[in-house]
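In: 3D model of this:
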Amino acid sequence: MLNISSQSTKARIPEGRFKSFQNLKTIYAYNYSRLIYVLAGICVVIIFIMFLPWTQNVRSGGTVIALRPEQRPQTIQSVISGRIEKWYVQEGQFVNKNDTILHISEVKEDYFDPELLNNTQLQLDAKNFSKLSYQEKVNALERQITALEQTMTLKLNQTRNKIIQAGLKIQSDSIDYQAAINNLNVAYDQYLRVKSLQDEGLRSLTETENRNVRYQEALAKKISQENKLLTSRNELINAHIELNSISAEYGDKIAKANSDKYAALSGKFDTEANISKLANQFNNYRIRNEFYYILAPQNGYITKAIQSGLGETLKEGEAIASIMPAEYDLAIEMYVRPIDLPLFDPGQKVMVQFDGWPAIIFSGWPGISYGTYEGKVLAMDNFISENNLYRILVIPSNDSHNWPKQLRVGAGVKTITLLKNVRVWYEIWRQINGFPPDYYKTSYHKPAEAQQKK
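Out: Residues are numbered from 1 along each chain as shown. Presented below is the predicted three-dimensional model:
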């Protein structure tokens, strides 16, 4: 107590009867040297802790996703428009691939005909028969053209032979005509000589008349041979005319046959085009009939029926139900700041804490953390996301225990990416100054290509 008064109560109060006075005396008698030792020990421990190794890390959040795109939740859509007739599944039910999910009926008037496929098949068969008819007509015209060409060739050869014969006959008639001219000249000369001798009285009139008759016969023969020669020349001209006429006649016939052939080919090609169009329509109708039953794309669970009830109308590409694949490989989708992105490389170690799983985290001493799981960086985006962060994919590490089997896609996670080992005092100094973690490379940070080269 403070002695601020001259009146003392010490003699009046029996201090031995009160425990509080005894405790006050014990405190006053405490040894201050022990307190100094305790404080010194605490300082030593703090200094010791300052020089302990601390693992730098980058903490971020993310969600559990399926690694492969086909393993992620998806919606089942209708390829065609229709009306809901019957449901074959319910929410939460497991379905195998190609199991029927829903049956729909047609709503477009172009496909109301129940015999649409059969009628289209009949049209297709009729077009095929028409195509065969055109083909037979083309074959017949080709045979006709071949026969005309052969006949034209024979006729032309025959006429050319006539031309050759006419030419030879002209040569023969020309020789006979020239011989007749020579005989006429000889007969005329003989007649003149005999006539001269008759005038002199050396030949008789009868002999003169005989020479005159021979002269007249030679003249007649010369005229006859000239007629034959002209006739032979006319035959040659007629043969040339006949040759040209045959070429023109059969050329017209062959051209007409070719025209009919190409017309038949044109009809055949038009029929083939119609056949292709009908075949396309038939296949479209047949495939469309298969879309009336909507099937499961893979094994999985029907998580939600987006459309419900009976008689509702669906549009093309409209979602009907959502399905979660039964088998999937888990991965983590986490986001980091652009300033931390250079610190990540494929294969880098990441410590993971899943929401709902008890964990005790010592971010700087991962070895004594409890309830955390290991992962490694698989890939990093080369472009920034809409949230102004970079996305990084993390998969389970092969060197640690497996992730919990009870995990589901969409669960939240907290990640701690382990970086360089530093002292505790350095980490405190870095945090106070707001510096980023040290940029460094380690053996497990090397890309896969570099490790393969090594």
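In: mind giving me the domain split of this structure?
Out: 8-50, 55-70+328-453, 73-105+292-325, 116-290 (automatic domain parsing).
In: just give the closest residue to residue 258, not the sequence neighbours.
Out: residue 145 (6.4 Å; C-beta to C-beta, 6 or more residues apart in numbering). Placement of C-beta: from N, CA and C, glycine included.
In: sheet-wise, list the partners of whichever strand in the chain runs longest with their directions.
Out: Secondary structure of the chain per DSSP state E: the longest strand is strand 53-66. According to DSSP bridges, strand 53-66 has the following sheet partners: strand 330-336 (antiparallel), strand 412-423 (antiparallel).
In: could you point out which element follows that strand?
Out: strand 74-77 (DSSP states H and E).
In: for the following helix or strand past that following strand, what is the average pLDDT?
Out: Once the chain leaves strand 74-77, the next helix or strand it forms, by DSSP H and E, is strand 82-87. Averaging pLDDT along strand 82-87 yields 91.
In: with mean neighbour count as added columns, please give the domains of the chain in CSV.
Out: What follows is the domains of the chain, written out as CSV (neighbours: other C-beta atoms under 10 Å):
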stretch, mean neighbour count
domain 8-50, 9
domain 55-70+328-453, 15
domain 73-105+292-325, 15
domain 116-290, 15
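In: return the member of those domains having the minimum mean pLDDT.
Out: The stretch with the lowest mean pLDDT among those is domain 8-50, at a mean of 69.
In: rewinding a little: any chance of the strands paired with strand 53-66 in a markdown table, plus distance to residue 287?
Out: Formatted as a markdown table, the strands paired with strand 53-66 follow (distance: least, C-beta to C-beta, whole Å):
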| stretch | distance to residue 287 |
| --- | --- |
| strand 330-336 | 36 |
| strand 412-423 | 43 |
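In: the ones you listed: which one's closest to residue 379?
Out: Of all those, it is strand 330-336 that lies closest to residue 379, at 9.5 Å by C-beta to C-beta.
In: distance from the closest one to the middle of the chain?
Out: Centroid separation for strand 330-336 versus its chain: 31 Å, with C-alpha atoms, centre = their mean, to the nearest Å.
In: do a quick rundown of the strands in the protein.
Out: Using DSSP E, the strands of the chain run over 53-66, 74-77, 82-87, 94-95, 100-105, 293-295, 300-305, 313-314, 319-325, 330-336, 349-354, 373-380, 390-396, 412-423.
In: with just CA atoms, put the last one into CSV.
Out: Looking back up the chat, that one is strand 412-423. Output of strand 412-423 as CSV, limited to C-alpha atoms (Å, rounded to 0.1, in the frame of the first residue of the first chain):
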residue,chain,number,x,y,z
GLY,A,412,-14.5,-26.0,-53.4
VAL,A,413,-10.7,-26.2,-52.6
LYS,A,414,-8.0,-24.1,-51.2
THR,A,415,-4.5,-24.6,-52.7
ILE,A,416,-1.1,-23.8,-51.4
THR,A,417,1.6,-23.8,-54.1
LEU,A,418,5.0,-24.6,-52.5
LEU,A,419,7.9,-22.4,-53.6
LYS,A,420,11.4,-21.7,-52.3
ASN,A,421,12.6,-22.5,-48.8
VAL,A,422,13.7,-19.3,-47.0
ARG,A,423,14.2,-18.3,-43.3
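In: now the angle between strand 349-354 and that strand, please.
Out: 140 degrees (axes from the mean of the first three to the mean of the last three C-alpha atoms, to 10 degrees).
In: relative to strand 390-396, how tilted is strand 412-423?
Out: Going by the same axes, to 10 degrees, strand 412-423 is angled at 90 degrees with respect to strand 390-396.
In: angle of strand 412-423 against strand 373-380?
Out: Going by the same axes, to 10 degrees, strand 412-423 makes 90 degrees with strand 373-380.
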